[in-house]
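Asker: Fold the following and give me the result.
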Amino acid sequence: MSALWIASVDVTDAEAYGEYARRAGPAIADHGGVFLARAGRFVVLEGKARPRNVVARFPSVEAAVACYNSPAYQEALSYAKGASERDLIVVEEIE
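Answerer: Numbers count the residues shown, from 1 in each chain. Got it, this is the predicted structure:
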């Protein structure tokens, strides 16, 4: 069953976070991830939000977790740490 990788981000260092994004994209694609939303327009209807929101679809929860734990993604993530405040979840889609 496919899964959605949902990130809510507040970027504090645009240059470093840009490097993260450049490196993360190929790592996500290598694990079957496809971006559905990347920092587009959004509307907050309830609760708090961060200004950058990203959604990617993976073939499964396991594929998304494998991506996150992969050496390529962890290298990319090293650029985001200290350059952003992030929340990241993976949720299985319904059939």
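Asker: C-alpha only now, for contacts and for neighbours.
Answerer: Noted.
Asker: what about residue 62, which SS state?
Answerer: helix (DSSP: H, G, I helix; E, B strand; the rest coil).
Asker: All the helices of this protein, in order from the start?
Answerer: In the chain, helices defined by DSSP state H lie at 14-30, 61-69, 71-80, listed in chain order.
Asker: helices or strands up against the last one?
Answerer: Using 3 or more CA pairs under 8 Å, 6 or more residues apart in numbering; DSSP states H and E as the contact criterion, the elements in contact with helix 71-80 are helix 14-30.
Asker: ok and the helix it packs on relative to helix 61-69, angle-wise?
Answerer: 140 degrees (axes from the mean of the first three to the mean of the last three CA atoms, to 10 degrees).
Asker: Only the buried residues of helix 14-30, if you could.
Answerer: Using 16 or more other CA atoms under 10 Å as the test for burial, helix 14-30 gives 16-17, 20, 23-24, 27-28.
Asker: and if you look at stretch 83-95?
Answerer: Neighbour counts over stretch 83-95 (16+ other CA under 10 Å) mark 83-84, 90, 92 as buried.
Asker: Looks like residue 67 contacts residue 25 (just checking).
Answerer: No. With contact defined as CA atoms under 8 Å, residue 67 does not reach residue 25; the gap is 10.7 Å.
Asker: Residue 41: neighbour count?
Answerer: Residue 41 is flanked by 9 other residues according to other CA atoms under 10 Å.
Asker: Please read the previous query as pertaining to residue 11.
Answerer: Number of residues near residue 11 (other CA under 10 Å) recorded here: 19.
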